[in-house]
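S.K.: sequence unavailable; structure follows:
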Ligand SMILES: O=C(O)CCC(=O)C(=O)O
Ligand SMILES: [Fe+2]
């Protein structure tokens, strides 16, 4: 399907500019561009990525999302993720909390595990609706492969900047060769005439290492360090939005910033439309213990020594345990009170 045109993003809402990083320059080893990436990753933890070369796969993923969300609810619910903390599969609107009071989220999504996309037609982690299966080979697997390549490239630059031994971060991610929480997510936030600040997805930091996000309408907001007011991130055609998650923040001793963000209805004239977004979440291997890599890098050791104590750099959980806990306690079916929400928190704990 051709990419539709949308009403413009308004120019009268608070908007946070992001650095635009050129993936072609990163790939060719451009020193200046690597430095700009480092600035973006350490100051806000969010940046735009242009020339990523995945536009065709991204469009196909949005088509797959539309075909999947159009299935009868009964069919989608056969593939629901459940309450045990597994993220792969379908999540219905309202299944997760957006805050400590237990207000429900307003989005539905379909998550496909990277392990399933790469092992298809043999299921590795779970099975999916026929609309997903039909596009696995043509769209989902190529999108996953491109996303992994891009994230591997960015990870290698962080490895160098953090003065880690060559391949140290890769060994904890793709190079671990084990199953992981890596997944793609297509999200639909139905237009519902809700208040402009009604959270569709609650304030959070991402659970894994890197997120590769594509959206066409506004609604994503960030809370930059030292700022009180939520600020929109304006979608730019053909530009992905990339951000750092908790796992890389912990491993780097907080040098890489996992910034708080949330999703609200699209602003201005865009508010009458359903909002679609697509993410590839790049995460460590399941058995990787989350901890600051102080023994492998003096730069990280110094950062931990100088830290203000707001982030626990030795949480005592593997990547899988961290991920399962965060997903599980956000589910409203598991809610007992505000303590359940607190149990779902990651590095944003104490920050919002
Ligand atoms: O839809 C978006 O723009 C962001 C989604 C997001 O933050 C997430 O799924 O973690
Ligand atoms: Fe997120």
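M.R.: Everything's here; your move. Everything numeric in this text was worked out from a predicted model, so none of it was measured. Ligands and ions are numbered 1, 2, ... in the order given.
S.K.: CA atoms for contacts and neighbours, from now on please.
M.R.: Noted.
S.K.: what does the protein put close to ligand 1?
M.R.: 206, 215, 220, 262-263, 277 (C-alpha under 6 Å from any ligand atom).
S.K.: quick one: those residues as a markdown table, columns for secondary structure and neighbour count too.
M.R.: Below are the residues of the chain next to ligand 1 laid out as a markdown table (DSSP: H, G, I helix; E, B strand; the rest coil; neighbours: other C-alpha atoms under 10 Å):
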| residue | secondary structure | neighbour count |
| --- | --- | --- |
| 206 | coil | 24 |
| 215 | strand | 23 |
| 220 | strand | 22 |
| 262 | strand | 20 |
| 263 | strand | 24 |
| 277 | strand | 22 |
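S.K.: and the two most separated of the residues you listed?
M.R.: For the residues of the chain next to ligand 1, the farthest-apart pair by C-alpha to C-alpha is 206 and 215; their separation is 16.4 Å.
S.K.: which phi and psi does the spatially most central residue of the chain have?
M.R.: Compute the mean C-alpha point of the chain, and by C-alpha atoms, centre = their mean the closest residue is residue 211, 3.8 Å away. For residue 211, the backbone dihedrals (degrees, to the nearest 10) come out as phi -120, psi 140.
S.K.: can you tell me the closest non-neighbouring residue to it?
M.R.: Closest residue to residue 211 apart from its sequence neighbours, by C-alpha to C-alpha, 6 or more residues apart in numbering: residue 281 at 4.7 Å.
S.K.: so that neighbour bridges to which residues?
M.R.: residue 183, residue 211 (DSSP bridges).
S.K.: wait, isn't it in contact with residue 186?
M.R.: No - judged on C-alpha atoms under 8 Å, residue 281 makes no contact with residue 186 at a distance of 11.3 Å.
S.K.: and those two? which has more neighbours close in?
M.R.: The residue with more neighbours, out of residue 281 and residue 186, is residue 281; 28 against 25, by other C-alpha atoms under 10 Å.
S.K.: check contacts around that one.
M.R.: Counting by C-alpha atoms under 8 Å, 6 or more residues apart in numbering, residue 281 makes contact with 181-185, 208-212.
S.K.: pLDDT below threshold where in the protein?
M.R.: The chain contains residues with pLDDT under 70 at 1-4, 352.
S.K.: do a quick rundown of the strands in it.
M.R.: Secondary structure of the chain (DSSP state E): strands located at 20-22, 46-50, 89-91, 108-113, 183-189, 201-204, 210-215, 220-222, 231-232, 240-244, 261-263, 275-282.
S.K.: how far away is the residue nearest to residue 211 from residue 332?
M.R.: Distance of residue 281 to residue 332, computed by C-alpha to C-alpha, to the nearest Å: 23 Å.
S.K.: just residue 188 next, same as before
M.R.: From residue 188 across to residue 332, the span is 19 Å (C-alpha to C-alpha).
S.K.: same question, residue 285
M.R.: Distance, residue 285 to residue 332, by C-alpha to C-alpha: 27 Å.
S.K.: what's the answer for residue 181, then?
M.R.: 21 Å.
S.K.: so these two - more neighbours on which side?
M.R.: Using other C-alpha under 10 Å as the criterion, residue 181 and residue 332 rank with residue 181 on top: 24 against 21.
S.K.: many thanks, have a good one.
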